[in-house]
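Asker: sharing a sequence plus its predicted fold:
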Amino acid sequence: MGILGRARLLPRLGLAGVVALASGCTWNGPQTTLVPVSDFARETLRVYGIVTWATVVIAAVVVSVLSWVLLRYRDRPDAPLPPQTRGHALLEIGWTIAPALVLLVIAIPTIHVVFRTQSAPPTGALEVIVRGRQWWWEFAYPAYQLATANELHLPVGRPAVLRLEGPDVIHSFWIPQLGGKRDVVPGRHNHLSFTPDTPGTFLGQCAEFCGTSHANMLLRLVVESPDAFERWVASERAPAVQSQAGPAADGAAAFAASACVGCHTVRGVSRGVVGPDLTHFGRRATVGAGMLPNTVDNVTAWILDPPRIKPGVKMPALGLTEAQARSIAVYLLSLK
Ligand code: CUA
């Protein structure tokens, strides 16, 4: 291959490499930090922007000076030795002060945002108690006396404060489009406060290794209009829908006769508090803390053998028959 061919091949290989690398990343994937939907996330992104531009400018200066030195002082036949110097007070003072200034430029907005996002929530903020458990999320709304699991609902435009509590091990609550991670630590009361400003469904996950199924500890946040949120609250507070006849009623009987009731609450039916409250299970989008779509087949498979789907899960296989499990699944999905 001639010199010209090789000269063309290299940039093309480089471009192919960049495309291959970049195709693994998207700007607006479901857990992007680059499309903020709250004041917290917007402020964080602003700091991120400042840091990124500062490093771009530094990289440009360093690469330019380095390129110039490499070219200017490259070895050539008969080239004389460059002048040999030792110590340069002005340069040394310069490259001590310049990084200090860069750190200052980055530190001022960073510290401002750290304090801003740690400050007390505004009065009137909607309070939600978030309990991270192995491996699911419990959300309790004291003002409405309701509790749900894995699916957090918030009204758009209203400040929210999440009070983070950990009954078992350390977890970390993270919905990237809403803001930074915050640890859920047993015996400590952390809070996370922000105002969601865009309606939609946003995905999050536990961001601190918390055991076998850490990676299966997902959550979703639904930000909706104040009217839609009020309707959601009203229906969550309503008692469970109980069918009097048909497959769902048969499933209700199977549920009430099973060990399920020892761990799960269906208001008016059972009072278990080990696992998620199932009073309105049929309204949730997923089963297993975000693992699978909430369908009869998936819920049946889940009930038959939870550890097969979620390794380490505390819910055991109860030795039910497929027909019993399916019947209970039909009942649970009828709980709207
Ligand atoms: Cu909970 Cu990782």
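Answerer: Structure received.
Asker: against Pro109, how distant is the most far-flung residue of the chain relative to its centre?
Answerer: In the chain, counting by CA atoms, centre = their mean, Asp78 sits farthest out from the average C-alpha position, at 61.8 Å. With distances taken as CB to CB, to the nearest Å, Asp78 is found 53 Å from Pro109. The way it works is simple: take the backbone N, C-alpha and C, and place the C-beta from them, glycine included.
Asker: His280 too?
Answerer: Using CB to CB, we find His280 at a distance of 43 Å from Pro109.
Asker: neighbour-wise, which of those two wins?
Answerer: Comparing His280 with Pro109 by neighbour count (other CB atoms under 10 Å), the higher total belongs to His280, at 22 against 15.
Asker: residue contacts, that one?
Answerer: Contacts here follow CB atoms under 8 Å, 6 or more residues apart in numbering; on that basis His280 touches 148, 235-236, 240, 335-336.
Asker: try it again with 10 Å
Answerer: If you count contacts by CB atoms under 10 Å, 6 or more residues apart in numbering, His280 has them with 146, 148, 151, 232, 235-241, 266-267, 335-336.
Asker: now swap in Ala285 and tell me
Answerer: Residues in contact with Ala285 (CB under 10 Å, 6+ apart) are 150-151, 201, 220, 222, 293-294.
Asker: again, only using 8 Å
Answerer: By CB under 8 Å, 6+ apart, the residues touching Ala285 are 151, 201, 220, 293-294.
Asker: again, but for Gln324
Answerer: Residues in contact with Gln324, defined by CB under 8 Å, 6+ apart, are 254, 258.
Asker: which one of the contacts of Ala285 is nearest Glu208?
Answerer: Glu208 lies nearest to Arg220 out of the contacts of Ala285, by CB to CB, at 18.5 Å.
Asker: was I right to think the closest one contacts Gln205?
Answerer: No: proximity of Arg220 to Gln205 does not meet the contact threshold set by CB atoms under 8 Å, at 9.7 Å.
Asker: report pLDDT for Val241.
Answerer: The model reports Val241 with a pLDDT of 79.
Asker: hmm, I was thinking of Pro226
Answerer: The confidence metric pLDDT takes the value 96 at Pro226.
Asker: what does Leu126 give?
Answerer: Residue-level confidence at Leu126 comes out at 96, pLDDT.
Asker: Ala143 is in contact with that one, correct?
Answerer: Yes: taking contacts as CB under 8 Å, Leu126 lies within contact range of Ala143: 7.2 Å.
Asker: between those two, who's got more neighbours?
Answerer: Leu126 (19 against 9).
Asker: measure the nearest residue to the more buried one once chain neighbours are set aside to the ligand for me?
Answerer: For Leu126, ignoring the flanking residues on the chain, the nearest one in space by CB to CB, 6 or more residues apart in numbering is Ala160 at 4.7 Å. If you measure Ala160 against the ligand using CB to the nearest ligand atom, to the nearest Å, the figure is 21 Å.
Asker: give me the pLDDT for Ala160.
Answerer: 96.
Asker: excluding its backbone neighbours, what's nearest Ala120?
Answerer: Nearest-residue entry for Ala120: Ser193, 7.9 Å, with adjacent residues in sequence omitted and distances by CB to CB, 6+ apart.
Asker: that neighbour pairs with what?
Answerer: Note on Ser193: beta-bridge partners by DSSP bridges are Val161.
Asker: again, but for His171
Answerer: Residues in beta-bridge contact with His171 (DSSP bridges): Val184.
Asker: shift numbering so it begins at 626
Answerer: New numbering, starting at 626: the last item is His796.
Asker: how about the residues of the chain by the ligand?
Answerer: If contacts are counted using CB under 6 Å from any ligand atom, the residues of the chain sitting beside the ligand are 757, 760, 796, 831, 833-835, 839, 842.
Asker: name the residues of stretch 701-714 that are buried.
Answerer: Within stretch 701-714, no residue counts as buried by 16 or more other CB atoms under 10 Å.
Asker: endpoints of it, how far apart?
Answerer: For stretch 701-714, the separation between the terminal residues is 30 Å (CA to CA, to the nearest Å).
Asker: what is the burial count for His737?
Answerer: Here the neighbour count serves as a burial measure; for His737 (other CB under 10 Å) it reads 13.
Asker: give me the element it is part of.
Answerer: His737 is located in helix 714-743, with elements delineated by DSSP states H and E.
Asker: chain center to that helix: distance?
Answerer: Averaging C-alpha positions (CA atoms, centre = their mean, to the nearest Å) puts helix 714-743 30 Å from its chain's average.
Asker: would you map the helices across the protein?
Answerer: Counting by DSSP state H, the chain has these helices, from start to end: 628-647, 664-697, 714-743, 851-862, 872-882, 885-888, 921-929, 931-934, 947-959.
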